[in-house]
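Trainee: For reference, the sequence and a predicted model appear below.
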Amino acid sequence: MATKHKTIHSTNPNSIMDQLLGKQEMPAIRKGQELETRIVSLSKKNVMFDLGAKAFAVLGDRELKEISTYLPYLKVGDTVKVRVIAEESRDGYPVVSMSRFFEKGKWDILKEKKENEEEIEVVCGEYGKGGVFVDFMGIRGVIPKIQLTPEFIDDPSKLVGQKIKVKVLEVDETKNRLVVSQKASALGISQKDLREKFDKIKVGESYPARVLGVSEFGIFCEVDGVEGLVHISEISWEKVSDAASYVRPNENISVMVVEKNENDLKLNLSIKRLTTDPWHDIEEKYPKDKELEGEVIRKEHYGYFVRLEPGIEGLIHVSKLAGDENLEIGSRIKVFVERINKKDRKMSLVLPAKSKPILYR
């Protein structure tokens, strides 16, 4: 004779358990067995699973203490895999473990949230070189500085200790890598829309860009809604020590797209490549028999560097000096080219002699 389904009227967890775990004919199970189950009751006090054949099981007490962390990401009706840890509890019903979910399920949640472009809640930690560190169910992740809204870009320390909503940008369980965006969540940025914009941008083309921020390693920009970085080495043909001296946040500049990163939809950009490389025709511009004028820009223990033009510097090695020269930083002096290494972008200079050296005759 078929057994009729029981109707559950009470919302009291204990009452629900009493009704669900009433008289039932248990399917044959064994300790260590893994089962696909459906969550039928979910709270901090108890979690119950439908094993099929009108049989139910409960979550072990030890794991029940951890369940509150996961409650926002579980709901009645979810299918989860459990492992039987006791065939019969003191109440006479199987006890199961969700350890597989605790170990791997949170990564599955992250992958699903990324795929569906849904938000998750994280707890913010300290701000470091890579960005703001966050915690999601024990998984350590990061919000890159560029993925913060302007108020937090200016002062990331405001986020320390806060619970905030973010969107998942990258998730890789094998690398234990999680990258999220506070900006995408706050501004409702869609990754699908971002992908469409990203695909339209062409490598080698120039585009107008808006400066988002500046760091010690370059300039963060936005090209038609797609983020990119002008590395400090791509700002100018001359040596750059401070990117902030070239641009200001929200300034509009022109950039060239050097490379597209398909994995994180980011752009590698350049400012200097919009102009001709001054080393392109270096031998023609600076022949050995021509007296030149340059500015002494710095002194090292091995010699003086002289700038002939932006991006073109040469070295007067100490071995080429008599020792009584008075070369002051910022002064302009006359020099001759001794040797050019175009491949390594190096130039050796000498001072004019009282009588022209043999090598120039």
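Mentor: Looks like it arrived, so ask away.
Trainee: Break the chain into its domains for me.
Mentor: 33-97, 114-187, 200-274, 284-360 (automatic domain parsing).
Trainee: Save these as TSV, and put in mean pLDDT, distance to residue 193 and mean neighbour count too.
Mentor: For every residue, glycine as well, the C-beta is placed using N, CA and C. Formatted as TSV, these follow (pLDDT from 0 to 100; distance: least, Cβ to Cβ, whole Å; neighbours: other Cβ atoms under 10 Å):
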stretch	mean pLDDT	distance to residue 193	mean neighbour count
domain 33-97	86	26	16
domain 114-187	90	10	17
domain 200-274	93	8	17
domain 284-360	88	39	14
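Trainee: Just put the ones you listed in CSV and tack on distance to residue 105.
Mentor: Formatted as CSV, the domains of the chain follow (distance: least, Cβ to Cβ, whole Å):
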stretch, distance to residue 105
domain 33-97, 7
domain 114-187, 9
domain 200-274, 24
domain 284-360, 53
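Trainee: Of all those, which one is nearest residue 108?
Mentor: Checking the domains of the chain against residue 108 by Cβ to Cβ gives domain 114-187 as the closest, at 8.8 Å.
Trainee: Report whether residue 244 is found in a helix, as I expect.
Mentor: Yes - applying DSSP: H, G, I helix; E, B strand; the rest coil, one finds residue 244 inside a helix.
Trainee: I'd like the numbering to begin with 188 instead of 1 from here.
Mentor: All right, first residue 188 from here; so that's residue 431.
Trainee: Can you give me the separation between it and residue 409?
Mentor: 18 Å (Cβ to Cβ, to the nearest Å).
Trainee: repeat for residue 506
Mentor: Distance from residue 506 to residue 409, by Cβ to Cβ: 49 Å.
Trainee: Torsion angles phi and psi at residue 511?
Mentor: With angles defined as degrees, to the nearest 10, residue 511 sits at phi -110, psi 10.
Trainee: Could you measure from it over to residue 490?
Mentor: 15 Å.
Trainee: got it, and residue 332?
Mentor: For residue 332, the distance to residue 490 - Cβ to Cβ - is 38 Å.
Trainee: again with residue 263
Mentor: Computed with Cβ to Cβ, the distance linking residue 263 and residue 490 is 76 Å.
Trainee: Nothing else from me, thank you.
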